[in-house]
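J.: The sequence isn't on hand, but the structure is:
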């Protein structure tokens, strides 16, 4: 697998690029060899993550921290995630029978700070008020939809659209 490009804080990547990386083949390194049950030898192998079924509620946890042997670093790149139409059809195994693959964002957990500590806020869509609301400790304030996608986005909450099981 190619080395993942490290983006600067001013660049943005799409959520679809992140999902493509999640679904791509990864060659396991020396420390993660696979033990072959037939020949009883540890061999270099590859793995692939695939989705067979899509849930009614989809929770996407963005990788915001990079750790190495001696350091930790927060990844602050803006991940541009869709609000009204996340199409997951490209993320499901080809053999799966999936009809409904469209999702709508209804919540975001944000993380502000670094690896040594930080602060969390939440943004949620209120369907009764038809507004986005930001929760920050004991304060809840309405915010514009244009302020929902930020580089602080950490956990994304989506609900499947047009689902007969809603």
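T.: Good, I have the coordinates. Note that this is a predicted model, so its numbers are computed, not measured.

J.: Quick check: residue 28 touching residue 47?
T.: Yes: the pair residue 28 / residue 47 is scored as a contact, 6.5 Å apart, by CB atoms under 8 Å. The way it works is simple: take the backbone N, C-alpha and C, and place the C-beta from them, glycine included.

J.: which SS class is residue 31?
T.: Under DSSP: H, G, I helix; E, B strand; the rest coil, residue 31 falls in the helix class.

J.: which residues are in contact with the worst-scoring helix or strand of the chain on mean pLDDT?
T.: When each helix and strand of the chain is scored by mean pLDDT, DSSP states H and E, strand 65-67 comes last, with a mean of 75. Residues from elsewhere that reach strand 65-67 (CB atoms under 8 Å, 6 or more residues apart in numbering): 72-75, 115.

J.: any chance of those residues in a markdown table, plus secondary structure and neighbour count?
T.: Shown next, in a markdown table, are the contacts of strand 65-67 (DSSP: H, G, I helix; E, B strand; the rest coil; neighbours: other CB atoms under 10 Å):
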| residue | secondary structure | neighbour count |
| --- | --- | --- |
| 72 | strand | 11 |
| 73 | strand | 13 |
| 74 | strand | 15 |
| 75 | coil | 14 |
| 115 | coil | 13 |
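
J.: These into a markdown table, with extra columns for distance to residue 18 and pLDDT?
T.: Output for these, formatted as a markdown table (distance: CB to CB, whole Å; pLDDT from 0 to 100):
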| residue | distance to residue 18 | pLDDT |
| --- | --- | --- |
| 72 | 20 | 78 |
| 73 | 18 | 78 |
| 74 | 16 | 77 |
| 75 | 11 | 79 |
| 115 | 20 | 77 |
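
J.: And those, which is closest to residue 121?
T.: Relative to residue 121, the closest of these is residue 74; by CB to CB it sits at 15.7 Å.

J.: what about the nearest residue to that closest one once chain neighbours are set aside, how many neighbours?
T.: What sits nearest to residue 74 in space, not counting adjacent residues and going by CB to CB, 6 or more residues apart in numbering, is residue 114, at 5.0 Å. Residues near residue 114, counting by other CB atoms under 10 Å, number 12.
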